[in-house]
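1. take a look and give me a structure for this.
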Amino acid sequence: MLLIFGLGYTAARIAAAWPGATLGTTRDGRDGSLRFADAAAVRPAIAAATHILSSVPPEGEHDPVLARYGDALDGRRLFYLSSTGVYGDAAGAWVDESAPTGSGRRAARAAADAAWLARGARVFRLPGIYGPGRSPLDRVAAGKAHRIGLPDQLFSRVHVDDIVGGVLAARDAPAGAYNLADDRPCSQDEVVAFAAHLLGLPPPPVVALETLSPMARGFYAENRRVANGKAKRILGWRPAYRDYRFGLRALNAMTSPTPVSAAPAAASGDQR
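-> Reported below is the predicted structural model:
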């Protein structure tokens, strides 16, 4: 059985694809999940689990799962959803799992990442996650997207279903850190403009960086490209959506199907 701490957006998709029984926790025990703080229910679930995955982020300087239930995790295969934010700013350079961590704005996340690694977990370092209902297409359609005019500010991203594929591929893999990212880091402006193009809308406006929230400015203070070679070599994983264009096209096709009664589109020489 797989026990998931933090049954959120990504973890719920992992649960749906897991080849066996799953059980998850949430803060409030909604939708049949266990309430995280209910130790009387959670500890027996830990004892029954063969695999445990945590998607719970740090709170303050501590990892909530390790702080409350760390004494009961021995003997299980452990998985932790971390962040490529642990690498900090790389000035646009490539980073792999050998790069130092803890120098960026996410010191608590880096400490949790290291703590799970020390316990023998498979730690998945994830960049910007997008997928159904949570993508640049949704932000552009809602009028909430913008550009910042920094074409050399590079980021990596990953489709949520490729995270699911990576976790499943690692069920019997060696412990360690694995970057799960697509093959084409690029600027956020490029992605947002392409999303607008797919929707037949003009590119969102360019806004000044200093007008953004402190959290958003912190995001743009980091610049890196995330290498995924280790996951490919060791897990045999390949992203189904190898760059954002494939992923956004697939999402757009899901949410905007061509009506059955529509006339066929004219032939085009563009075979992208």
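
2. in stretch 152-162, what's buried?
-> Within stretch 152-162, the residues scored as buried using 16 or more other C-beta atoms under 10 Å are 153-162. The way it works is simple: take the backbone N, C-alpha and C, and place the C-beta from them, glycine included.

3. do stretch 236-248 as well
-> Buried residues in stretch 236-248, counted by 16+ other C-beta under 10 Å: 237, 239, 241, 243-248.

4. what about Pro57, how many neighbours?
-> 16 (other C-beta atoms under 10 Å).

5. typed the wrong thing, it's Ala169
-> Neighbour tally, Ala169, other C-beta under 10 Å: 19.

6. contacting residues around the closest residue to it other than its chain neighbours?
-> Closest residue to Ala169 apart from its sequence neighbours, by C-beta to C-beta, 6 or more residues apart in numbering: Leu235 at 4.1 Å. If you count contacts by C-beta atoms under 8 Å, 6 or more residues apart in numbering, Leu235 has them with 166, 169-170, 173, 178.

7. let's have those residues in CSV, adding distance to Gly218.
-> CSV is the format used below for the contacts of Leu235 (distance: C-beta to C-beta, whole Å):
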residue, distance to Gly218
Gly166, 26
Ala169, 32
Ala170, 30
Ala173, 32
Tyr178, 25
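
8. measure the residue nearest to Ala169 to Ser98 for me?
-> From Leu235 across to Ser98, the span is 17 Å (C-beta to C-beta, to the nearest Å).

9. what does Ala195 give?
-> Using C-beta to C-beta, Ala195 is found at 33 Å from Ser98.

10. the two: which is more packed in?
-> Ala195 (25 against 8).

11. that one belongs to a helix, doesn't it?
-> Yes: counting by DSSP: H, G, I helix; E, B strand; the rest coil, Ala195 is part of a helix.

12. among the buried residues of stretch 152-162, which ones are in helices?
-> Using DSSP state H to define helices, the subset of the buried residues of stretch 152-162 located there is 160-162.
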